[in-house]
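In: Any chance you can model this:
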Amino acid sequence: MSEKLLMRGVQMKKVFSLLVVLMFVGSMFANGLSLNSIGPKALGMGGAFVGLANDGSAIYWNPAGLLGQDNAVNLSGTDIIPIGNYNYTAAGVDADQIKNNYMSPDLFANYSMDKMAFGLGIYVPAGLGAEYEGKDLQNFTAIPGLYPGDPDIEWMSKIAVISLSPAFAYQVSDNWSFGVAANVYYGMFDIKRFGANLPNAAGSYTSYQYEESSTGLGYGATIGTMYKFSDKVKVGFTYRSSVTVDMSGTAENGAMPLIAGSMALTAPDETDFDREVTWPTWIAGGIALTPTEKMTLTFDLQWSDWKALDELETEFEDTTWATILGSTGDDKFILNWESQTQVRLGMEYMVMDNMAVRTGWYYDPQPAPDETLNILFPSGTYSVLTGGLGYQMGNLNFDFGTEYLFGADRHVSAALHNMPGTHSIDMFAFALGVGYKF
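Out: Below you'll find the model as predicted:
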């Protein structure tokens with residue numbers, strides 16, 4: 001093979017290494033990309049809800065909590081607004097993330113009868129993304145001294161997971177109950193970013209856009225139990241199984257036919273692909289204390305087994321895509337993630353018989369190491385403050401929750417699968433909900 005083709009192969013490897021990072025990470029990232037607190041009440045209490053779980057969102061937090069509740073239907077929505085910046089001085093890049101609104105609706109219904117309770121949840125356990133102006137990242141598409149780059153290249157990611165969860169709870173004794181929920185996950189993922197630079201007939205270079213879109217289904221379960229030691233002390237424990245989502249979609253890169261041609265191969269500019277993506281096992285324990293009739297205090301430890309996501313693989317339908325990526329090893333991606341534990345605290349205080357104020361705090365450490373970090377799926381260690389209100393009016397209840405995630409800056413050195421520089425990300429989220437008891 002000529003020196004020119006060898007250099008082209010090296011460039012191709014770098015391009016597709018970065019593409020593989022973005023394809024894989026976006027499909028199952030939790031820290032920074034998913035909803036840390038489902039339901040406005042839980043959100044307002046810092047997501048420390050496993051030992052309390054006393055509204056419809058118990059289907060997510062601890063299905064055993066469905067017992068003893070009033071029959072109700074609850075509808076809520078959460079808006080997440082990322083506030084991010086990426087600075088890479090060596091490349092002359094200083095880019096602010098576009099402040100998009102990522103909306104996620106939730107619907108919970110529960111019905112109790114004697115020692116049994118039933119529930120149905122339709123909610124979004126993960127939903128976020130990132131978007132940057134092409135002109136702010138133009139230097140990433142440039143070739144110094146030869147090509148200024150393309151400001152029209154789009155840089156965005158969007159991920160959403162919708163769960164359909166029927167649930168059942170049973171009271172074993174006066175103090176002990178358990179519950180189970182089936183989880184049917186429907187995942188959606190889109191990405192647009194820079195694909196490659198290649199010479200053109202005009203003696204310059206052309207920048208190519210990379211795009212990917214995929215969807216998939218997966219199945220799992222949540223099992224919870226709750227024990228009441230006294231009127232003042234309850235504890236809860238929840239296990240959520242891992243869910244493997246079989247994603248299928250289409251990848252497109254106009255540069256692929258030219259890259260393949262330089263290696264005496266032929267390839268289309270798009271191909272279908274399949275990929276298994278796993279949301280990890282989640283285990284949580286919580287305690288709810290009621291020191292007075294008006295005050296409730298909660299404390300949770302919540303662990304996610306991110307370490308299980310060490311390697312992911314994509315199967316491309318087109319044999320040339322598969323051959324090229326297979327020859328460079330870029331059909332596989334090493335995540336090297338670390339399992340993490342969140343610490344959560346919450347409080348609710350009844351200022352009136354029908355009005356509650358809530359507050360909370362939690363610590364959310366990053367699962368992704370520096371060597372796999374990139375701008376389209378930011379990951380940070382967060383210290384989070386939360387607050388909320390609840391108001392009861394007859395059979396109607398209204399809830400509001402808000403949180404601000406203070407992210408620590410990450411100073412990342414260059415590695416094969418990352419984007420070096422300083423990554424800064426905070427987030428603001430708020431949720432509104434209305435419920436009807438019947």
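In: could you pull out the helices for the stretch 1-150 of the chain?
Out: 3-25, 40-44, 58-61 (DSSP state H, counting those that start in this stretch).
In: At which residues are the strands of the stretch 101-250 of the chain located?
Out: 102-113, 116-132, 155-171, 176-199, 205-230, 233-240, 243-253 (DSSP state E, counting those that start in this stretch).
In: related to what we said a few turns ago, where among the helices of the stretch 1-150 of the chain is average confidence lowest?
Out: Of all the helices of the stretch 1-150 of the chain, the minimum mean pLDDT falls on helix 3-25 (a mean of 36).
In: so how far is Leu67 from the residue nearest to Ile59 when sequence neighbours are not counted?
Out: Leaving aside its sequence neighbours, Ile59 sits nearest to Gly121 (Cβ to Cβ, 6 or more residues apart in numbering; 3.8 Å). Quick note: C-beta positions are derived from backbone N, CA and C, even for glycine. According to Cβ to Cβ, to the nearest Å, Gly121 and Leu67 sit 16 Å apart.
In: Settle it for me: which of these two has more neighbours?
Out: Taking neighbours as other Cβ atoms under 10 Å, Gly121 and Leu67 compare with Gly121 leading, 27 against 22.
In: Just the element for Thr323, please.
Out: Per DSSP states H and E: Thr323 is located in helix 319-328.
In: From the chain's centroid, how far away is that helix?
Out: 29 Å (Cα atoms, centre = their mean, to the nearest Å).
In: Kindly report the same for stretch 69-84.
Out: Distance, stretch centre to chain centre, for stretch 69-84: 16 Å (Cα atoms, centre = their mean).
In: does the nearest residue to Asp318 once chain neighbours are set aside sit in a helix, a strand or a coil?
Out: Excluding its sequence neighbours, the residue lying closest to Asp318 (Cβ to Cβ, 6+ apart) is Thr271, at 3.7 Å. What DSSP: H, G, I helix; E, B strand; the rest coil gives for Thr271 is strand.
In: give the contact list for Thr271.
Out: Counting by Cβ atoms under 8 Å, 6 or more residues apart in numbering, Thr271 makes contact with 250-251, 316-318, 321.
In: Next: Lys228.
Out: Contacts of Lys228 (Cβ under 8 Å, 6+ apart): 174-176, 234.
In: Give me the buried entries from those.
Out: Burial by neighbour count, judged by 16 or more other Cβ atoms under 10 Å, picks out Lys234 from those.
In: so what's the residue nearest to Ala322 when sequence neighbours are not counted bridging to?
Out: Counting by Cβ to Cβ, 6+ apart, Ala322 lies nearest to Phe316, which is 4.4 Å off, once chain neighbours are set aside. Beta-bridge partners for Phe316, by DSSP bridges, are Phe273.
In: what about Phe316, how many neighbours?
Out: Neighbours of Phe316 under the rule other Cβ under 10 Å: 20.
In: and if you look at Ile259?
Out: 23.
In: Give me the residues contacting the host helix or strand of it.
Out: Remark: Ile259 resides in helix 256-261, with elements defined by DSSP H and E. For helix 256-261, the surrounding residues in contact (Cβ under 8 Å, 6+ apart) are 8, 12, 196, 198, 266-269, 320-321, 324.
In: Take these and write them to a markdown table, including neighbour count and distance to Ala58.
Out: Putting the contacts of helix 256-261 into a markdown table (neighbours: other Cβ atoms under 10 Å; distance: Cβ to Cβ, whole Å) gives the following:
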| residue | neighbour count | distance to Ala58 |
| --- | --- | --- |
| Arg8 | 18 | 57 |
| Met12 | 22 | 51 |
| Ala196 | 23 | 49 |
| Leu198 | 16 | 55 |
| Thr266 | 12 | 56 |
| Ala267 | 23 | 50 |
| Pro268 | 14 | 49 |
| Asp269 | 15 | 48 |
| Thr320 | 18 | 50 |
| Trp321 | 25 | 45 |
| Ile324 | 23 | 49 |
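In: In CSV: those, plus distance to Thr141.
Out: Formatted as CSV, the contacts of helix 256-261 follow (distance: Cβ to Cβ, whole Å):
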residue, distance to Thr141
Arg8, 17
Met12, 16
Ala196, 9
Leu198, 12
Thr266, 26
Ala267, 22
Pro268, 23
Asp269, 18
Thr320, 24
Trp321, 22
Ile324, 21
